[in-house]
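# any chance you could fold what I've pasted below:
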Amino acid sequence: MRYLFLLFIAVSSFGQTKIQILDSITHQPVSYANIWNEKQIIRNSDSLGNFEALIADKKPLKITAIGYEEKVIRSNQSPILLKPVSYQLHEVVIRKPKNTNPIVVTKASRNGQAFFVQYDVKSVCVVKFIKGDTKQKFLKSVAFFTQTSARNRKIALIFYSVNAKGEPGELLNTETIVCNLKKGTKETRVDLVNYAIELPKEGLYVGLQHLLIEDNKMYSQDKNATPLSFFYEPGLYFSEDSDTKDSWCFYDEKWKLYPTRSLNLGVELTE
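Numbers count the residues shown, from 1 in each chain. Purely as a prediction, here's the structure:
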């Protein structure tokens, strides 16, 4: 088993100010919102909706969060109010899983390399394609191994449709599903039956998004380093596989196929 640790020099926190993101109606914090600088997610709000930004940074930032309209900000005003998305509900038949005849379509594994996210992050979202040609039409569970140096590191589960080109399409999450992780090399298994996530016949993309928050930072042990070096945990395991070609990363506002790397993600289906 090999681990790939990435240590980079962090930008200085000098001149940063704390900003909070709130629901415009309830004024409750919007947790784990995405903060974009041009084409990349550069950080996330924490569980209380807070994040830090550089006062000197004059470029606009885009804020996105599941269930909210996106917003562009050009100054460090606080709080930022996000407007909830208004859905027009037509006649909808909601199917629920029977939770019978489960099958495992892919297995979680800690083989291969554990990859972390560097501080000047380029990609935080990775997904794996799950075929839909089975009578089991609901996701029962998702499992994955992570490498962490501390308790309560966090990562989010994401689900995408398959577009006409076979690439990841629309985000299907109706809420942010955040997983608290154990210290060390551990497996996390998430029960999804109550979410009633249906598997279309064309398949589905299931994946993970790193959360760029203070609680996920692993700093260099070199106390003489100025500024401090850090990367974001957890480490996710990938296998080198040139044949499967089932895993994608979101980079430069586009989904790009990993040519030789497969995300070690376990998926269980049910009826």
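
# doesn't Asp215 belong to a helix?
Yes. Counting by DSSP: H, G, I helix; E, B strand; the rest coil, Asp215 is part of a helix.

# let me see the contact set for Val178.
Ser31, Tyr32, Lys154, Ile155, Ala156, Leu211 (Cβ atoms under 8 Å, 6 or more residues apart in numbering). In short, each C-beta sits where N, CA and C put it, glycine included.

# you'd agree the fifth one is in a strand?
What it means is Ala156. Yes. Counting by three-state DSSP, one finds Ala156 located in a strand.

# where does the residue nearest to it when sequence neighbours are not counted sit, in terms of helix or strand?
With sequence-adjacent residues excluded and distances taken as Cβ to Cβ, 6 or more residues apart in numbering, Ala156 is closest to Gln209, at 4.5 Å. Per DSSP states H and E: Gln209 is located in strand 204-210.

# can you list the strands that that strand pairs with?
strand 125-130 (antiparallel), strand 153-162 (antiparallel) (DSSP bridges).

# output the longest one as CSV - backbone C-alpha positions only.
Once non-C-alpha atoms are left out, strand 153-162 reads as follows in CSV (Å, rounded to 0.1, in the frame of the first residue of the first chain):
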residue,chain,number,x,y,z
ARG,A,153,-12.6,15.2,9.1
LYS,A,154,-15.5,15.7,6.7
ILE,A,155,-16.4,14.9,3.1
ALA,A,156,-19.7,15.3,1.1
LEU,A,157,-21.5,12.7,-1.0
ILE,A,158,-22.6,13.9,-4.5
PHE,A,159,-24.8,12.4,-7.2
TYR,A,160,-24.9,13.4,-10.9
SER,A,161,-27.1,12.3,-13.8
VAL,A,162,-25.6,11.0,-17.0
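
# what bits of the stretch 1-150 of the chain have low per-residue confidence?
1-16, 54-58, 87-94 (pLDDT under 70).

# 90 - rerun?
1-18, 37-40, 52-61, 73-77, 85-96, 113, 118-123, 133-134 (pLDDT under 90).

# count of neighbours near Lys59?
By the criterion of other Cβ atoms under 10 Å, Lys59 has 8 neighbours.

# try Thr134
14.

# for Gln221, same thing?
9.

# could you confirm it falls within a strand?
No. Counting by three-state DSSP, Gln221 is not part of a strand but coil.

# if I look at it, what pLDDT would I see?
As predicted, Gln221 sits at a pLDDT of 71.

# tell me how far it lies from Thr270.
44 Å (Cβ to Cβ, to the nearest Å).

# also Gln28?
From Gln28 over to Thr270 (counting by Cβ to Cβ), the distance is 33 Å.

# out of those two, which sits in the busier spot?
Neighbours were counted for Gln28 and for Thr270 using other Cβ under 10 Å; Thr270 has more, 19 against 10.

# so what does that one have for phi and psi?
phi -150, psi 170 (degrees, to the nearest 10).

# find me the pLDDT at Leu211, would you?
Value for Leu211, per-residue pLDDT: 97.

# again, but for Asn194
With respect to pLDDT, Asn194 has a value of 93.

# looking at this, it is in a helix?
Yes. Per three-state DSSP, Asn194 lies within a helix segment.

# what count of nearby residues applies to it?
Asn194 has 9 nearby residues by other Cβ under 10 Å.

# dump the residue contacts of Thr176.
Thr176 touches Ser31, Tyr32, Ala65, Ile66, Ala156, counting by Cβ under 8 Å, 6+ apart.
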